[in-house]
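Engineer: need the 3D shape of this:
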Amino acid sequence: MFSWMEVLGQWKQGIAYPRWAALAHWGYGEARFLFYPPASWTLGAALGAILPWKLVPGAYCWIALMLAGASMYRLAREWLAARDALFAAAFYAVNPYHLVIVYWRSAYAELLAAALLPLLLAALLRLRKSGCRPVLWVSLILAAAWLTNAPAALMIHYSAAGLAVVLAVRERSWRLLARAGLAVVLGIGLASFYLLPTIFEQNWVNIGEVLAIGVRPQDNFLFTTIADADHNRFNLLVSYVALAEIVVMTWAMWRSRASRLKKEPFWLLLSTWGGVTILVMFSVSNLLWQYLPKFRFIQLPFRWLLCLNAALGLLLAMATRRWLTRALAAAALLAVLLLVGDRIQALWWDNASDIQEMSDAMSDGTGHEGIDEYVPAGADPYEVNKNLPRISDASGKAVPAQMIQWGPIEKHFVVQVSEPASLTLRLFNYPAWQVTVNERSVGTETANVTGQMLIPVAAGRSDVRIYFGRTLDRTIGDIISMIGLVLLLAVWISTRRQNATSPAA
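Structural biologist: Below you'll find the model as predicted:
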């Protein structure tokens with residue numbers, strides 16, 4: 001919610017695409033919006049623009065779950081009767097892991113990514129058809145994954161690769177793999193405006209914190225314990241939820257094995273997808289987490305429940321025909337969730353007063369704690385002084401200044417000093433910051449430990465301007481995305497014209 005509030009505040013200042021979260025770490029800032037995909041914080045900020053903040057989380061969750069259910073219905077309807085597709089959609093929308101996200105994890109971006117999984121499977125199955133349209137659809141879904149949630153995007157890409165291989169082997173068509181690979185490349189191109197800066201600038205932040213103790217894969221396999229009681233309670237909760245879903249998944253796979261859809265690739269893909277997701281949540285898969293490219297950046301093995309539930313909803317609809325049986329299966333899963341929630345880890349949810357406190361902290365400029373991995377490399381956010389003036393000397397004493405502007409991406413002030421000095425700013429130094437003193441570009445220094453920006457000034461009057469500039473990687477990323485978008489539109493329009501003229505031919 002702090003991200004949503006910050007984005008809305010920057011929109012009101014005319015910053016269409018925020019890059020720097022100025023109020024993180026109590027006003028020292030961080031490069032959060034460079035590294036966190038834009039879909040979720042854009043939706044959250046947009047909702048905050050039209051609703052009271054206390055209503056925004058609920059509205060966001062409702063939209064995310066409705067999109068998940070709608071996408072599942074779209075997929076299921078191609079293979080199942082309307083009543084069965086409706087059950088699959090309803091189950092998928094409010095499956096136990098989605099409820100864990102809503103009421104315990106608040107992983108809003110991950111929840112939003114759930115809508116992409118059914119669409120991915122539907123699009124991959126269409127790759128068997130000729131033409132460019134199926135490739136374009138897959139590329140759009142893969143691009144949307146990168147722009148929604150990075151760990152979910154990795155799961156989606158690995159799922160796409162595995163499902164494409166299974167489908168290609170079954171269809172005896174290596175051309176299908178080539179089409180899937182082309183979609184991956186085009187999807188990366190479309191998302192390059194986000195991906196390229198993320199890849200290039202990750203060395204400028206403490207990105208290694210995403211794999212710190214407690215959030216590493218080896219610390220989060222099902223039923224894993226470490227020297228952290230809070231971690232262990234939540235891990236136990238999600239482990240029991242996962243175990244219950246695995247039991248139902250196994251039963252559904254067995255019951256649906258004789259389905260008429262077994263003759264189609266649908267059942268095979270679902271069963272394979274579900275089986276692999278079960279495997280990677282246990283420690284026996286540790287080698288995969290250590291050696292598959294970027295696999296460890298998924299961080300939490302139980303995140304694969306996101307994919308498991310996409311397969312589970314469909315297999316459960318295929319395995320049962322009676323609504324009583326379906327209701328009993330859903331009730332059993334819900335009972336497990338409620339039981340472990342009551343006995344192991346109670347849910348947590350900010351109330352209206354908590355949210356109002358957040359809003360007040362953002363409005364008055366107090367800021368918030370921030371996230372460790374987005375802090376500039378070498379800076380320790382726990383060593384900063386929350387009460388430090390915006391501009392101070394080496395001793396921490398405020399330097400009198402005429403403050404002209406102190407915005408998220410631009411700061412402008414004038415100081416008058418009697419002797420050369422090094423100004424210490426309440427601002428983390430980051431390579432993208434460009435500084436001029438009396439209209440001349442100057443090099444900055446970085447304070448040891450705290451990582452604050454230090455600006456050398458000569459005696460006398462100094463007009464200082466600081467601007468969060470556009471780095472080359474962002475420009476190149478924008479160009480690649482634009483090229484990808486133009487290419488996609490050109491092919492789309494071309495195929496549309498061909499389809500329109502083919503009957504006459």
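
Engineer: run through the helices of the stretch 301-450 of the chain in chain order.
Structural biologist: Applying DSSP state H, counting those that start in this stretch to the stretch 301-450 of the chain gives helices spanning 305-319, 323-343, 352-363.

Engineer: count of residues packed around residue 17?
Structural biologist: Residue 17 has 13 neighbours, counted by other Cβ atoms under 10 Å. (Each C-beta comes from the backbone N, C-alpha and C, glycine too.)

Engineer: show the pLDDT at it.
Structural biologist: Looking at residue 17, its pLDDT stands at 96.

Engineer: which parts of stretch 223-242 are buried?
Structural biologist: Of all the residues in stretch 223-242, those buried under the rule 16 or more other Cβ atoms under 10 Å are 224, 231-232, 234-242.

Engineer: most neighbours per residue, which of the helices of the stretch 301-450 of the chain?
Structural biologist: helix 305-319 (a mean of 27; mean count of other Cβ atoms under 10 Å).

Engineer: other SSEs contacting that helix?
Structural biologist: helix 56-76, helix 82-93, helix 96-100, helix 116-126, helix 150-171, helix 229-255, helix 265-280, helix 323-343 (3 or more Cβ pairs under 8 Å, 6 or more residues apart in numbering; DSSP states H and E).

Engineer: residue 195: which of those helices is closest?
Structural biologist: Shortest separation from residue 195 across the helices and strands packed on helix 305-319 is recorded for helix 150-171, at 9.4 Å, computed as Cβ to Cβ.

Engineer: tell me what that closest one is packed against?
Structural biologist: Based on contacts counted as 3+ Cβ pairs under 8 Å, 6+ apart, the elements that helix 150-171 packs against are helix 108-113, helix 116-126, helix 133-146, helix 174-190, helix 265-280, helix 305-319.

Engineer: which of those sits closest to residue 198?
Structural biologist: Nearest of the helices and strands packed on helix 150-171 (Cβ to Cβ): helix 133-146, 9.0 Å.

Engineer: and stretch 330-339, how far from the chain's centre?
Structural biologist: 28 Å (Cα atoms, centre = their mean, to the nearest Å).

Engineer: what residues does it touch?
Structural biologist: For stretch 330-339, contacts defined as Cβ atoms under 8 Å, 6 or more residues apart in numbering pick out 91, 95-96, 99-100, 240-241, 244-245, 248.

Engineer: correct me, but residue 477 touches residue 192?
Structural biologist: Yes - between residue 477 and residue 192 there is a contact at 4.5 Å, judged by Cβ atoms under 8 Å.

Engineer: more neighbours, the two?
Structural biologist: Neighbour totals were compared for residue 477 and residue 192, and residue 192 leads with 25 against 22 (other Cβ under 10 Å).

Engineer: what's the neighbour count on the nearest residue to that one once chain neighbours are set aside?
Structural biologist: Sequence neighbours aside, residue 480 is the residue nearest to residue 192 in space, at 3.9 Å (criterion: Cβ to Cβ, 6 or more residues apart in numbering). Residue 480: 18 surrounding residues under other Cβ under 10 Å.

Engineer: next one: residue 369
Structural biologist: 11.

Engineer: can you tell me how far the residue nearest to it when sequence neighbours are not counted is from residue 366?
Structural biologist: Nearest residue to residue 369 in three dimensions, chain neighbours excluded: residue 25, at 6.8 Å (Cβ to Cβ, 6+ apart). Distance of residue 25 to residue 366, given as Cβ to Cβ, to the nearest Å: 11 Å.

Engineer: look at those two and report which has more neighbours.
Structural biologist: Ranked by neighbour count (other Cβ under 10 Å), residue 25 and residue 366 place residue 25 first, with 26 against 13.

Engineer: what's near enough to touch the more buried one?
Structural biologist: Neighbouring residues of residue 25 by Cβ under 8 Å, 6+ apart: 367-370, 375, 381, 384, 428.

Engineer: hang on, the earlier thing: for the residue nearest to residue 369, grab phi and psi.
Structural biologist: Note on residue 25: backbone dihedrals following degrees, to the nearest 10 are phi 50, psi 40.

Engineer: next, the distance between the ends of stretch 214-232.
Structural biologist: Using Cα to Cα, to the nearest Å, the end-to-end distance of stretch 214-232 comes to 10 Å.

Engineer: chain center to it: distance?
Structural biologist: 21 Å.
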